[in-house]
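**Q** pasting the structure only:
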């Protein structure tokens, strides 16, 4: 029986979303095929092996279990797993065959924890270090996707140091993003779930929006506003990835920010059935092309806008998409006839295929 480590929580602003995703992943794993090792990371960054139930993980009560044991993944590849510490700080090694990092945002999908897995030589679900880092940083994503013929919004990047040195100049630079036309979107370059994002409709609002985005990152992205329907595609595979059907976000808010996504029950998702098949094919093909040019593996969700005049405009890529009850990634594959247990089996298989290390020890 394979031992699968599910890691959840973390220090990012998406800690709670991570817990919700982890609950569905744990429920979706076939307990007859896998031994499931649950590792929770607190907001303070403490790692614990836990026997918590899915209800305790969902609520956050898992942290209070007295039988939690401090754990870590050593970079030493001879361990090939985790070290678990008892009450006297004696460590016991536990082998892990594959890791599912159900971690969103900073220190989860930005390449940092993937680097640890690489050093430890443990297969893991999802894109590697470079793809994760470039996917998390939207400015780098823009540069890479800019090498393709896929349309994306006009943008500019503002760095915190430059803004501090020349505030007026950087504001003028931002205003020139769309030839001075408003509204504009301002967002942290490296934050997920639209955390810290703002819609700017007046010039007087721009400075405050930039300052707000700097609370989450030292680099800010300013983009032209694309008016269109929000489309998402799930991509699955390694070197020959496949795209799901196209899904649509029906946001209850003005745009699909963190609150609209996770806190507003009026937000909905659905499978698209009312745009031309040629456009659906373009969206799906573009998703696969972006997945490939970003050098992704395993899974990613690729987001687009579809405008009234039929343009397909790339928005962003999420290299560790959510698995919550409302998340599009598993829903889209469900619509394609692939249930969550089968999807997770595929992701584990892809991880082991991609991250095969020589057994030297």
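**A** Ah, there it is. Since the model is a prediction, treat every value here as computed from it, not as a measurement.

**Q** just want the phi and psi numbers for residue 99.
**A** phi -110, psi 140 (degrees, to the nearest 10).

**Q** skipping adjacent residues, who's closest to it in space?
**A** residue 124 (4.2 Å; Cβ to Cβ, 6 or more residues apart in numbering). The C-beta positions use only the backbone N, C-alpha and C, and glycine is treated the same way.

**Q** if I've got this straight, residue 315 is in a helix?
**A** No. Residue 315: not assigned to a helix; according to DSSP: H, G, I helix; E, B strand; the rest coil it is strand.

**Q** residue 228 versus that one, what's the distance?
**A** Noted for residue 315: a distance of 9 Å to residue 228, by Cβ to Cβ, to the nearest Å.

**Q** same question for residue 321.
**A** Distance from residue 321 to residue 228, counting by Cβ to Cβ: 21 Å.

**Q** pick out whichever of the two has more residues nearby.
**A** Neighbour count, other Cβ atoms under 10 Å: between residue 321 and residue 228, residue 321 has more, with 25 against 17.

**Q** hey, which helix is longest across the chain?
**A** Counting residues, the longest helix in the chain under DSSP state H turns out to be helix 277-293.

**Q** quick check: mean pLDDT across that helix?
**A** If you average the pLDDT over helix 277-293, you get 98.

**Q** which neighbours do residue 315 and residue 228 share?
**A** residue 305 (Cβ atoms under 8 Å, 6 or more residues apart in numbering).

**Q** not counting its neighbours along the chain, what's nearest the spatially most central residue of the chain?
**A** By Cα atoms, centre = their mean, the mean C-alpha position of the chain lies nearest to residue 320, the distance being 3.4 Å. Computed as Cβ to Cβ, 6+ apart, the closest residue to residue 320 that is not its neighbour in sequence is residue 109, at 3.9 Å.

**Q** before we move on, what about residue 154?
**A** Closest to residue 154 by Cβ to Cβ, 6+ apart is residue 224, at 4.5 Å.

**Q** what do you get for residue 340?
**A** That would be residue 28: by Cβ to Cβ, 6+ apart, it lies 3.8 Å from residue 340.

**Q** surely the one you found touches residue 345?
**A** No. Using Cβ atoms under 8 Å, residue 28 is not in contact with residue 345, being 9.4 Å away.

**Q** distance from stretch 130-150 to the middle of the chain?
**A** Distance of stretch 130-150 from the chain centroid (Cα atoms, centre = their mean, to the nearest Å) equals 14 Å.

**Q** residue ranges of the helices in the protein, please?
**A** 15-28, 54-59, 112-120, 129-136, 138-145, 160-165, 167-175, 203-213, 258-262, 277-293, 328-335, 340-354.

**Q** which elements pack onto the first one?
**A** Secondary structure elements in contact with helix 15-28, counted by 3 or more Cβ pairs under 8 Å, 6 or more residues apart in numbering; DSSP states H and E, are strand 2-9, strand 34-41, helix 54-59, strand 98-102, helix 340-354.

**Q** on that earlier part again, so what pLDDT did the residue nearest to residue 340 get?
**A** In this prediction residue 28 is given a pLDDT of 97.

**Q** and residue 338, by the same measure?
**A** We have a pLDDT of 97 for residue 338.

**Q** for it, what are its contacts?
**A** residue 346 are the contacts of residue 338 under Cβ under 8 Å, 6+ apart.
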